[in-house]
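Novice: Turn this into a structure:
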Amino acid sequence: MLLNVQGNSAYCYTGGKQFDPQLPTAVFIHGAQNDHSVWGLQTRYFAHHGFAVLAVDLPGHGRSKGAPLRSVEAMADWLLALLDAAGIAQATLIGHSMGSLIALETSFKAPKRVERIALVGTAFPMKVSDALLDAALNNEEMAIDMVNIWSHSTIAQKPSAPGPGFYVMGGSRRLMQRVAAQNGEAVFHTDFQACNTYANGESAARSVTCPALFVLGKNDLMTTPKASTTLQTAMPHARVAILDRCGHALMAEQPDAVLDTLFAFASK
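Specialist: Below you'll find the model as predicted:
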């Protein structure tokens, strides 16, 4: 589905079903140098089991036009404008990594618009190392390799991925290369800088009163479970799910566990 958001075309995947704004809405927000496709399994299931689904492509990512936005605050404003364009008054927000910060800031800016919030692979502060920032700006292929090595708990999934012959780490790498090829700007560096400079996480977390969920990878080296302690402390009512045998790429490494955890949360 295409929407006009802030003067540019914005793409949302609807899970293989026609979008119905009368249904409970779940909005899925991807992380740095990704697009809506990282939520493939989860969004299709939600869409075929009672939810309207909007899996967004952020500006400069996937099929959405416009330059990549330079701050989490600007991305949250964009997301609220997208909800307006789709005619959605309230939604469950589900964000991964950078997307979790966007969901959090959106809830801070417009708490009445957020019914529930799920933060997947999150951390605050979400600091990015100088080496990775430099690689993202000057050697994007190296940055892609660095992130994929750090984001996966193993080179080959055990047990194997649901699709026989599907290479989880390779698929993630190709997606990041495709996002880079679609946009001439330094998307990775822009995304990382936005994460690195976001300072409102603790205040935003303290303001959350709606049901909240943390979904964390036990073997995550990018945003370790411990790195979400500040947010968890600020949201004592939130539930925490730590998934075994997965790193930062939770939706790829443990797709069924992520789906089951998110759907149980969103359906309550």
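Novice: which other helices and strands contact the helix or strand where residue 76 lies?
Specialist: Secondary structure from DSSP states H and E places residue 76 in helix 72-86. With contacts taken as 3 or more C-beta pairs under 8 Å, 6 or more residues apart in numbering; DSSP states H and E, helix 72-86 sits against strand 2-5, strand 8-13, strand 25-29, strand 52-56, helix 98-109, helix 187-197. Backbone N, C-alpha and C define where each C-beta goes, glycine included.
Novice: Looking at it now, give me its mean pLDDT.
Specialist: What helix 72-86 shows for mean pLDDT is 98.
Novice: Now do that helix: everything it contacts.
Specialist: Among residues not part of helix 72-86, those counted as contacts by C-beta atoms under 8 Å, 6 or more residues apart in numbering are 1, 3-6, 10, 12, 19, 21, 25, 27, 29, 54, 56, 58-59, 69, 89, 91, 98, 101-102, 105-106, 108-110, 113, 194-195, 198, 200.
Novice: Are any of the residues you listed buried, and if so which?
Specialist: 3, 5, 10, 12, 19, 25, 27, 29, 54, 56, 58-59, 69, 91, 98, 101-102, 105-106, 108-109, 113, 194-195, 198, 200 (16 or more other C-beta atoms under 10 Å).
Novice: burial count for residue 41?
Specialist: 15 (other C-beta atoms under 10 Å).
Novice: for residue 77, that is, sorry about that
Specialist: 18.
Novice: Distance check, residue 199 against residue 226.
Specialist: Noted for residue 199: a distance of 20 Å to residue 226, by C-beta to C-beta, to the nearest Å.
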